Every structure is written in structure tokens, then in C-alpha cells.
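1. okay, here's the prediction I keep looking at, along with the sequence it came from:
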Amino acid sequence: MTEPDIAVAIEHPAWAEALPDVAGLCRRAAAATFAVAAGEAVAGRPAEISVVLADDSLVQGLNRDWRGKDRSTNVLSFAALDGDDAPVVPGAPLLLGDVVLAFETCAAEAEREGKPLADHLSHLVAHGVLHLLGFDHEGDDADAEEMEAMEVAVLAGLGIPDPYAPDDTIAEGGRCGR
């Protein structure tokens with residue numbers, strides 16, 4: 001399977017200050033997720049993913065405007081694929097969508113959970129890319145378990161511990177804006 005083109009936009013400088021290779025970290029996490037989960041969603045076509053490293057203010061505005069929740073959250077995904085309605089343009093890559101992350105929320109969660117920010121960011125990028133590929137955790141327990149298992153597999157491949165292990169504490173609101 002071809003690796004996707006992964007664009008990373010650093011909109012908030014605190015990301016690069018905290019993690020000097022933050023763009024590379026995001027690309028590795030997104031590519032690892034794509035390798036584990038892309039399957040039928042892309043059917044071997046070239047694909048593009050965008051990761052935006054933002055601040056709480058930007059994410060709060062997006063969350064308010066697109067989800068009706070006037071607060072920041074750790075990660076938002078805006079999938080371009082919607083079932084079988086994805087436009088097919090011969091020779092053009094499949095645009096999977098955007099993953100947007102809020103620095104202050106992500107950093108506070110990582111600190112509260114006692115995890116390196118790099119590991120938490122990798123987890124949230126993987127989570128966001130899974131949403132772009134059509135996975136969801138809101139529907140039922142089986143969907144949530146499938147998505148969490150994929151996240152754990154992606155992170156294990158990156159050498160990152162299972163974020164759902166019983167001895168880890170997931171802070172309230174620490175998962176995908178719930």
C-alpha cells in the first residue's frame with residue numbers, strides 16, 4: 001500500500017517549542033495508522049491527509065461551529081470521505097480530510113495522565129486518522145472496542161504503551177472530545 005501524502009501545518013508555535021520534530025512525529029503516527037487501517041477505505045489509491053497543530057481557541061471555534069459544542073477539545077477530525085460518495089478524479093489522490101489538534105488541551109491531558117506529550121500526540125493523531133478512514137467509537141461498544149484495538153496496534157508499532165491499559169488514567173474528556 002502506498003503511504004499517503006501527509007501535510008502538517010503548525011499553526012501554534014508552542015507545538016514546535018515543546019516537540020522540535022512535531023511535524024515528523026505527526027507524519028509517522030498518521031502513516032502508521034494508514035498502514036494498519038486504510039484497507040478498503042482507499043483501495044490502493046494515493047491519498048492525502050492534513051494535520052493542523054492549533055491552539056485551544058481555534059479548536060474551540062471549530063468545535064462550536066461544526067459540532068455545536070462551545071469548548072475546546074483535544075482532537076477534531078473532518079473526514080472528506082462519506083461512505084461511497086467520495087469523488088473519484090482520475091490521477092488525483094483521494095483527499096481523506098483534516099485532523100486538528102489543540103495544544104493547550106493536549107498538553108494538559110498528557111501532564112495529567114503522566115504521559116509524554118509526544119506519545120499523547122501520536123495517539124490523538126492515530127485516533128483522528130482512524131476517523132478519517134471511517135472508524136467511529138460513538139455508535140456502540142463494538143465500534144469503540146474495534147477503534148481502540150486499532151489505536152493500540154498502531155501505537156505498539158511506534159513503541160508507545162497502550163493508553164487504555166488499566167494502570168493508565170484517562171482524564172475526563174481525554175478521549176476525542178467526549
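-> Cool, got the structure.

2. off-centre distance for the helix or strand in which Arg28 is found?
-> Per DSSP states H and E, Arg28 falls inside helix 22-37. How far helix 22-37 lies from its chain's middle: 9 Å, per CA atoms, centre = their mean, to the nearest Å.

3. name the surrounding residues that touch that helix.
-> 1, 3-4, 6, 8, 10, 15-16, 19, 47, 49, 51, 53, 99, 118, 121-123, 125-126, 129-130, 133, 135, 150, 153-154, 157-158 (CB atoms under 8 Å, 6 or more residues apart in numbering). From N, CA and C alone the C-beta is placed, and that goes for glycine too.

4. show me where pLDDT drops low in this structure?
-> 1, 40-41, 43, 81-88, 167-178 (pLDDT under 70).

5. helices of that one, start to end?
-> Using DSSP state H, the helices of the chain run over 14-18, 22-37, 39-42, 56-67, 103-113, 117-132, 141-157.

6. closest to Pro90 out of the ones you listed?
-> Among these, helix 39-42 comes nearest to Pro90, with 15.3 Å by CB to CB.

7. which residue is the nearest non-sequential neighbour of Pro46?
-> Spatial nearest neighbour of Pro46, excluding adjacent residues (CB to CB, 6 or more residues apart in numbering): Pro93 at 4.1 Å.

8. does Asp98 touch Val52 like I think?
-> Yes: Asp98 is within contact range of Val52, at 6.1 Å (criterion: CB atoms under 8 Å).

9. so which residue of the protein lies furthest out from the middle?
-> Using CA atoms, centre = their mean, the residue of the chain lying farthest from its centre is Pro90. It sits 27.4 Å away.

10. quick one, phi/psi of that one?
-> With angles defined as degrees, to the nearest 10, Pro90 sits at phi -50, psi 130.
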